[in-house]
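K.L.:
Just the structure for this:
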Amino acid sequence: MIIRELRPDEFHRLSRVPEFGDNVPHPQAAHVAIAEDEGEIVGFWCVQLGVQAEPVLIVPSHRGGLLVHRLFECVKAIMKRQGIETYYIHAESEEVCDYLDRLGLTRTDFVTYEGKVD
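P.N.:
Numbering: from 1, shown residues only. Next up, the predicted model:
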């Protein structure tokens, strides 16, 4: 059994494994560790190169109105120009969650885990 990182030019090999279905990441959006048995890929684990939008920061005297919305539209334009299709925002307070709902974002049921790279 060989465990190694999959090169970007090899990502097409993942789609040849029926058990992986539609779970094959795009080579520009992930790094993938694979398990090979006699040259056949038998497993993989990927690190998505996702985008996390950080919280917006505005001085108190300029809060309210459309400033947050205008900044949000600018950030989306930047992401679009960079070819980013999906992004994530982690929010803890219900007030922030409600605002993100009003901006049209979708709440997910994902549980977030944090790990440290030794």
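
K.L.:
Please, where are all the strands along this protein?
P.N.:
Along the chain, the segments classed as strands by DSSP state E run 2-5, 30-37, 40-48.

K.L.:
Name the stretch among those that sits most buried.
P.N.:
strand 30-37 (a mean of 16; mean count of other C-beta atoms under 10 Å). C-beta coordinates here come from the backbone N, C-alpha and C atoms, glycine included.

K.L.:
what's the angle between it and strand 40-48?
P.N.:
Angle, strand 30-37 to strand 40-48, by axes from the mean of the first three to the mean of the last three C-alpha atoms, to 10 degrees: 160 degrees.

K.L.:
From the contact counts, what lies against strand 30-37?
P.N.:
For strand 30-37, the packing partners by 3 or more C-beta pairs under 8 Å, 6 or more residues apart in numbering; DSSP states H and E come out as strand 2-5, strand 40-48.

K.L.:
The residue lying farthest from the centre of the chain and residue 36, how far apart?
P.N.:
The outermost residue of the chain relative to its centre, with distances by C-alpha atoms, centre = their mean, is residue 61 at 33.1 Å. To residue 36, residue 61 is 59 Å away according to C-beta to C-beta, to the nearest Å.

K.L.:
Just the pLDDT for residue 3.
P.N.:
As predicted, residue 3 sits at a pLDDT of 94.

K.L.:
Now do the residue farthest from the centre of the chain against residue 67, distance only.
P.N.:
Residue 61 is 11 Å from residue 67, by C-beta to C-beta.

K.L.:
For the spatially most central residue of the chain, list the residues it contacts.
P.N.:
Most central in the chain under C-alpha atoms, centre = their mean is residue 50, positioned 2.8 Å from the mean C-alpha point. By C-beta atoms under 8 Å, 6 or more residues apart in numbering, the contact set of residue 50 is 29, 86-88.

K.L.:
Most neighbours out of the residues you listed, which is it?
P.N.:
residue 29 (16 neighbours; other C-beta atoms under 10 Å).

K.L.:
how about the nearest residue to it once chain neighbours are set aside, phi and psi?
P.N.:
Nearest residue to residue 29, sequence neighbours excluded (C-beta to C-beta, 6 or more residues apart in numbering): residue 49, at 5.4 Å. Note on residue 49: backbone dihedrals following degrees, to the nearest 10 are phi -90, psi 70.
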